[in-house]
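A.B. asks: Sequence below, structure please.
(one chain, ligands or ions: 1)
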Amino acid sequence: MLLFIKTAFLLWTTLNSISGDTVTQTFRFTRNILSLDGTPKSVIVVNNIFPGPVIHVNAGDTLRVRVLNQLNEDESLSIHWHGISQRGSPWFDGTSFVTNCPIIYGSSITYEFLVESTGTFWYHGHVGATRAEGGYGFLIVRNNSSTSLTDDRFIIISDWYHANANDISSGLLSPKFSFPGNGDAVLLNGVGSCSTTISAYSGRDFAFHLINTVFSARFL
Ligand SMILES: [Cu+2]
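C.D. replies: The predicted structure is shown next:
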């Protein structure tokens, strides 16, 4: 049975690779102490930046991302590709304990899947409350023909918690149920103040990509 599934997947990816390119990335997930809203906190960064790198692909491409878990020693990781249909590759959906096991500390998984639809998508951690501590970024999918028609502008709106992710998820899972509330700050592109500037000018078309990474706040 396993052989059949693997063969079917190989056939699927082979057929799709005829029409698109393969875009390859390596993402190293680590932690840094950052003061995003003025309070120091351990933040999940991707290749040392937060928010993580923007991925650009065309519809019909295959995206191949090697994800390395270099977080804390007791911390597992799984990356969900938000909005991607994963037809033919459900085991790369990244929803831990549903479609796949998470990546244990010190190891890696290479996600590989066909990107079918154009649009603004994103990736994020999908173990416990990982997403409340960063580790996310844009996944932009275009038509081949629209590649250079516009300049991109990116806006990520996030709620931000001074509590750590373990405490948040144990509160949510405990019989007493502790809701983390609206968080301690709102971040725009990873900055917790009103000083974030999005620039544009006349004579050019801009594509504004907006994602809401909110973990539990109700005001977004
Ligand atoms: Cu998601």
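A.B. asks: near the ion, which residues of this structure show up?
C.D. replies: Residues of the chain lying close to the ion by Cβ under 5 Å from the ion are 80, 82. Backbone N, C-alpha and C define where each C-beta goes, glycine included.
A.B. asks: Bridge partners for the one residue in the chain that gets nearest to the ion, pull those for me.
C.D. replies: When scored by Cβ to the ion, the chain has H82 as its residue closest to the ion, at 3.5 Å. Beta bridges link H82 to W122, judged by DSSP bridges.
A.B. asks: Return the residues in contact with it.
C.D. replies: Residues in contact with H82 (Cβ atoms under 8 Å, 6 or more residues apart in numbering) are 121-124, 139.
A.B. asks: try 7 Å
C.D. replies: 121-124 (Cβ atoms under 7 Å, 6 or more residues apart in numbering).
A.B. asks: for those residues, which one is nearest G192?
C.D. replies: H124 (18.5 Å; Cβ to Cβ).
A.B. asks: just to confirm, which helix or strand has the closest one in it?
C.D. replies: Assigned by DSSP states H and E, H124 belongs to strand 119-125.
A.B. asks: how about that strand: buried residues?
C.D. replies: 120-125 (16 or more other Cβ atoms under 10 Å).
A.B. asks: Mind naming the longest strand for this protein?
C.D. replies: Across the chain, the strand with the greatest residue count (assigned by DSSP state E) is strand 22-34.
A.B. asks: Given that strand, what are its sheet partners and their directions?
C.D. replies: strand 41-46 (antiparallel), strand 62-69 (parallel).
A.B. asks: so what's N47 up against?
C.D. replies: Contacts of N47 (Cβ under 7 Å, 6+ apart): 27-28, 53.
A.B. asks: I'm done for today, thanks for sticking with me.
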